[in-house]
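Asks: any chance you can model this:
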Amino acid sequence: MEYKETIGQILSHTRREKGWDLERIHKETKIPIAGLKALEEDDYDALPSIYLKGAIQKYAQVLGLNYKELINLYKNSNEFVAQQDQSLVPISDHRSISLFSQLRNILIILSKSLVLILVSSYLIYELAMLILPPKIILESPRADLNTNKGTLLVQGKAIRAKSLLLNNQPILIDESKAFKEEIILKPGLNQLEFIAINQLGQKSTLVRNVIYAFP
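Replies: Okay, the predicted model is just below:
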């Protein structure tokens, strides 16, 4: 299929036809909004080359487009630009650059640097979420708790965890990685073993002892 539009125009037009905003695309693809704007504006210099093809693929798939055709279109446009650049002959007219032009160039550099920083930070965050082991932050109960109540509120956060077990029973984790569960205690010593598991199967364990003094 031959496209008369650029990749950015195709993505932008398709998104608008569906009545979607960039915030929805961001939620679906996890691509920063600044990166999505750069794609729609065909501003490839604002995005890392190692990240660009993956971003085009994610965006296209969410919109229901053929991402392979868009990537080929990207490659062809880059080759064309490269050929055009090689054919250019540098010309020096010895004229001084105006202050306005200098400021404009500085703003362009700063805006592209900001997009690069945002995208790089996102990639580092995603990599850390994938590689680092999960971490359990337990707000309740405190260590070595003594109580005369038969029920206990267990709550905290399971950072970088895909799932959480309490004494081999699953506990629901919400989108913010927080969990909250009320459990029934047996008289005497109750050993609570929390196991958090991430996407790579790495585990972190936390044990709390609670003594229930039956009245």
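
Asks: what's the distance between the closest residue to Leu165 other than its chain neighbours and Ile173?
Replies: Closest residue to Leu165 in three dimensions, ignoring its sequence neighbours and counting by CB to CB, 6 or more residues apart in numbering: Ile195, at 4.4 Å. In short, each C-beta sits where N, CA and C put it, glycine included. Ile195 sits 12 Å away from Ile173, taking CB to CB, to the nearest Å as the criterion.

Asks: so between the two, which is more surrounded?
Replies: Each of Ile195 and Ile173 has its neighbours counted (other CB atoms under 10 Å); Ile195 has more, 20 against 17.

Asks: least confident secondary structure element in the chain?
Replies: Least confident helix or strand of the chain, by mean pLDDT, DSSP states H and E, is helix 67-87 with a mean of 63.

Asks: circling back to that earlier point, does the residue nearest to Leu165 lie in a helix or a strand, and which?
Replies: Assigned by DSSP states H and E, Ile195 falls within strand 188-197.

Asks: how is this protein partitioned into domains?
Replies: Following automatic domain parsing, one finds the domains of the chain at 7-87+99-130, 135-212.

Asks: count of neighbours near Glu41?
Replies: Glu41: 13 surrounding residues under other CB under 10 Å.

Asks: ok, it touching Thr6?
Replies: No: between Glu41 and Thr6 there is no contact under CB atoms under 8 Å: 9.4 Å.

Asks: output the below-cut-off pLDDT ranges for this structure.
Replies: 1-3, 49-50, 78-101, 129-130 (pLDDT under 70).

Asks: rewinding a little: same for the helix or strand that the least confident helix or strand of the chain is followed by, what does it pack against?
Replies: Once the chain leaves helix 67-87, the next helix or strand it forms, by DSSP H and E, is helix 99-131. With contacts defined as 3 or more CB pairs under 8 Å, 6 or more residues apart in numbering; DSSP states H and E, the packing partners of helix 99-131 are helix 33-40.

Asks: again, 10 Å this time
Replies: The contact analysis (3 or more CB pairs under 10 Å, 6 or more residues apart in numbering; DSSP states H and E) places helix 99-131 against helix 33-40, helix 49-63.

Asks: now render these as TSV, adding mean neighbour count.
Replies: Formatted as TSV, the helices and strands packed on helix 99-131 follow (neighbours: other CB atoms under 10 Å):
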stretch	mean neighbour count
helix 33-40	20
helix 49-63	17
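
Asks: distance to Glu139 added to these, as JSON lines?
Replies: Formatted as JSON lines, the helices and strands packed on helix 99-131 follow (distance: least, CB to CB, whole Å):
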{"stretch": "helix 33-40", "distance to Glu139": "33"}
{"stretch": "helix 49-63", "distance to Glu139": "35"}
